[in-house]
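Novice: Quick check, what structure comes out for this input:
(one chain, ligands or ions: 2)
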Amino acid sequence: MTFTCPAPAKLNLFLHITSRRPDGYHNLQTIFQFLDYGDDLHFNLRTDGKINCELANNIEIPVEQNLIYKAALYLQHYTNTHYGVDIKVDKRIPLGGGLGGGSSNAATTLLVLNQLWECHLDATTLMQLGLRLGADIPVFIQGQAAWAEGVGEKLTPVTLPEPWFLVIHPNCHVPTAEIFTAPDLTRNQEIVTIDDFLAGRTINVCESVVIQRYPEVKQALSWLNRYSIARLTGTGACLFACFSEKDQAQAVLNIVPQSWQAFLAQGKNISPVIKKLATLK
Ligand SMILES: C[C@@](CO)(OP(=O)(O)O)[C@H](O)COP(=O)(O)OP(=O)(O)OC[C@H]1O[C@@H](n2ccc(N)nc2=O)[C@H](O)[C@@H]1O
Ligand SMILES: Nc1ncnc2c1ncn2[C@@H]1O[C@H](COP(=O)(O)OP(=O)(O)O)[C@@H](O)[C@H]1O
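Specialist: Numbering: from 1, shown residues only. Ligands and ions are numbered 1, 2, ... in the order given. You can find the predicted model right below:
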């Protein structure tokens, strides 16, 4: 029997960097909110221990680099299970877009296999395992919009408005590591509070570095800024603008230049994975 589970995209509603750690990683402050837009993962249990992962839509990621495969293998070794799995993925989230697609895929894989393989690991343990594979994975496992600190693993759930977002993907790929190692990146921002966010005193600190290096992002940002305040998510390349009414967002979507991909999605405080997992119990 096939079990299908979503893997939603996320936005970083702001992103500040407060320091650099000795291991090269950066301490951040950010807010994660999910989108009702994402990938679908189809799971079929195997009893012979094999793990297979197939990405649809002509997307090629070498299997040993695929975060879905890495997450499944990691859980298999951690729990010593004899089970295996076939996973097929309908990919919609653009790769390297700052929408956390790879991290979300890994989180969904850990959550679903924890149940399918009867591992009985609690959420905290899954979040710790996930963090070893990527800084963005814990929030997708927790499944609640969150104020995040540390490298993104110190999470405080928040309840936010759930507006409509127009997301634009300028046709370029921004590697996260490139931006975090950029000499011109500001790494010593003051610590802020949620009041600063609510008062509009927060930014995405990576934005200036990304637009200097990627003219396509700069062009899309200035285009989108004509209609609403536009911002980069994560280290890009995707940009988003917020609208309280779906119709307003749709009107702007209708005129997005054809050279860019774009979609409309609603912000969500609870990941759709939580609801779906409850049906597996
Ligand atoms: C910047 C953020 C914001 O949500 O999102 P994306 O733009 O990737 O979506 C994340 O912190 C990214 O998380 P994730 O994509 O899981 O990062 P990882 O795979 O752990 O790390 C990729 C690379 O980014 C750098 N890195 C990442 C996170 C962090 N707090 N400090 C860093 O310096 C490291 O150089 C690392 O080699
Ligand atoms: N299942 C996966 N889905 C997407 N990207 C993946 C996956 N597994 C590994 N990756 C790698 O992770 C990188 C970052 O992808 P993604 O998480 O979608 O973007 P971002 O970190 O910018 O939000 C991709 O460029 C890709 O090489």
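
Novice: from here on, contacts and neighbour counts on C-alpha atoms
Specialist: OK.

Novice: What separation do you get for the residue nearest the centre of the chain and Asn225?
Specialist: When the chain is reduced to its mean C-alpha position, the nearest residue by C-alpha atoms, centre = their mean turns out to be Gly100, at 2.1 Å. Between Gly100 and Asn225 the distance is 23 Å, computed by C-alpha to C-alpha, to the nearest Å.

Novice: Help me confirm that the residue nearest to the centre of the chain comes into contact with Gly134.
Specialist: No - Gly100 sits out of contact with Gly134 when judged by C-alpha atoms under 8 Å, with a separation of 9.9 Å.

Novice: Show me where the stretch 1-150 of the chain has its strands.
Specialist: The residue ranges that make up the strands of the stretch 1-150 of the chain, judged by DSSP state E, counting those that start in this stretch, are 2-20, 26-46, 51-55, 84-90, 146-149.

Novice: Repeat that for the stretch 151-281 of the chain.
Specialist: Assigned by DSSP E, counting those that start in this stretch, the stretch 151-281 of the chain shows strands spanning 154-157, 164-169, 230-232, 239-243, 261-268.

Novice: what would the ones you listed look like in TSV with mean pLDDT, distance to ligand 1 and mean neighbour count?
Specialist: As requested, those are arranged in TSV below (pLDDT from 0 to 100; distance: least, C-alpha to the nearest ligand atom, whole Å; neighbours: other C-alpha atoms under 10 Å):
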stretch	mean pLDDT	distance to ligand 1	mean neighbour count
strand 154-157	98	11	16
strand 164-169	98	13	24
strand 230-232	98	9	25
strand 239-243	97	11	24
strand 261-268	98	16	20
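
Novice: Near Gly24, how many residues? Count them for me, please.
Specialist: Around Gly24 sit 10 other residues, with neighbours defined as other C-alpha atoms under 10 Å.

Novice: Residue numbers of the stretch 151-281 of the chain in contact with ligand 1?
Specialist: Taking C-alpha under 6 Å from any ligand atom as the criterion, the stretch 151-281 of the chain approaches ligand 1 at residues Val151, Gly152, Thr176, Ala177, Phe180, Gly234, Thr235, Gly236.

Novice: Burial check on the closest residue to the first one other than its chain neighbours, number of neighbours?
Specialist: Ranked by C-alpha to C-alpha, 6 or more residues apart in numbering and with sequence neighbours excluded, the top spatial neighbour of Val151 is Asn27, at 5.0 Å. Summarising burial for Asn27: neighbours were counted as other C-alpha under 10 Å, giving 20.

Novice: so Asn27 sits right up against Ala148, yeah?
Specialist: No - contact status for Asn27 versus Ala148: not in contact, 9.9 Å apart, counting by C-alpha under 8 Å.

Novice: so how far is Gly38 from the residue nearest to the centre of the chain?
Specialist: When distance is defined by C-alpha to C-alpha, Gly100 is 10 Å away from Gly38.

Novice: swap in Asp122?
Specialist: As judged by C-alpha to C-alpha, Asp122 and Gly38 stand 25 Å apart.

Novice: which of those two has more neighbours?
Specialist: More neighbours surround Gly38 than the other of Asp122 and Gly38, with 24 against 10 (other C-alpha under 10 Å).

Novice: My read is that that one contacts Val89, right?
Specialist: No - in this structure Gly38 lies outside contact range of Val89 using C-alpha under 8 Å: 10.8 Å.

Novice: how close does the residue lying closest to Lys154 once chain neighbours are set aside sit to Ala123?
Specialist: Spatially, and ignoring its direct neighbours in sequence, Lys154 is nearest to Ala148 (5.4 Å; C-alpha to C-alpha, 6+ apart). For Ala148, the distance to Ala123 under the criterion C-alpha to C-alpha works out to 17 Å.

Novice: go on, Asp196?
Specialist: In this structure, Asp196 and Ala123 are 30 Å apart, going by C-alpha to C-alpha.

Novice: So which of these two has more stuff around it?
Specialist: A side-by-side neighbour count of Asp196 and Ala123, using other C-alpha under 10 Å, places Ala123 first with 15 against 11.

Novice: can you tell me which residues contact the more buried one?
Specialist: Shown in contact with Ala123 (C-alpha atoms under 8 Å, 6 or more residues apart in numbering): Ile141, Gln142.
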